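**Student:** Below is the sequence, then the predicted model.
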Amino acid sequence: MTTALDKLYGITNIKSYVPLILDLDRLNNDARRAFFKNHCIAYKVFGHLDGTNHNPDDQDWSQLWKAIKDLFCDNKEANAIELENQLRNITIGESTVMEYYTCIKSISDLLANISSKVPERTLVTYAINGLSSKFDHIPTTIRHKTLFPTLLEMRSMLSIKEKTVQNQLSRIPHASHMDSSSPHHV
């Protein structure tokens, strides 16, 4: 009969079981938590996590669990401040609308992972503030809407404007050397 310990000692390469790199700097807590929980269930040790198998006299287990928890929650406030600052100062620059949206959404998700969820209205406001002049009428339109748009709705508005600008630019005739008014010399 195979036991949980037999399974545990049978693992030779953890990367084949956990394809996600457990990088403390990436703040991917949700993914780490899900993988960790699934493996703890598979190896029948989840009771130690949810408290159903908790033995208050098992100081080694309690100390280990506290160390793991502290490691993943280390510098939580400092990380939140840094991410909020990035979000507050984000600009579209030369990025596409999709790249801009993805960056904002990524920072927002990271903040949510460290219990610092940013309200949707604030995300839209930061996104509006970081737009370039080619989107000049969009902020005014959004500010005067009765219902403030979600970040996804704003992305749709920006995408339409981006496509319109691209279409306009593709219709502008480009001068060639044949169109030159200078005299030709032989």
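**Tutor:** Everything's here; your move.
**Student:** What lies in contact with the helix or strand that contains Met157?
**Tutor:** Assigned by DSSP states H and E, Met157 belongs to helix 151-171. Here helix 151-171 makes contact (CB atoms under 8 Å, 6 or more residues apart in numbering) with 96-98, 100-101, 104-105, 108, 120, 123-124, 127-128, 131, 134-135, 137-138, 141-142, 149. In short, each C-beta sits where N, CA and C put it, glycine included.
**Student:** what about 7 Å?
**Tutor:** 96-97, 101, 104-105, 120, 123-124, 127, 134-135, 138, 142 (CB atoms under 7 Å, 6 or more residues apart in numbering).
**Student:** Return the set of buried residues in it.
**Tutor:** Buried residues in helix 151-171, counted by 16 or more other CB atoms under 10 Å: Leu151, Met154, Arg155, Met157, Leu158, Lys161, Glu162.
**Student:** what does stretch 93-102 give?
**Tutor:** Val97, Tyr100, Tyr101.
**Student:** start to end distance for it?
**Tutor:** Using CA to CA, to the nearest Å, the end-to-end distance of stretch 93-102 comes to 14 Å.
**Student:** likewise stretch 120-139?
**Tutor:** First residue to last in stretch 120-139 (CA to CA) measures 16 Å.
**Student:** from the contacts of helix 151-171, which single one is nearest Ala80?
**Tutor:** Leu123 (14.9 Å; CB to CB).
**Student:** Fine, thanks again, bye for now.
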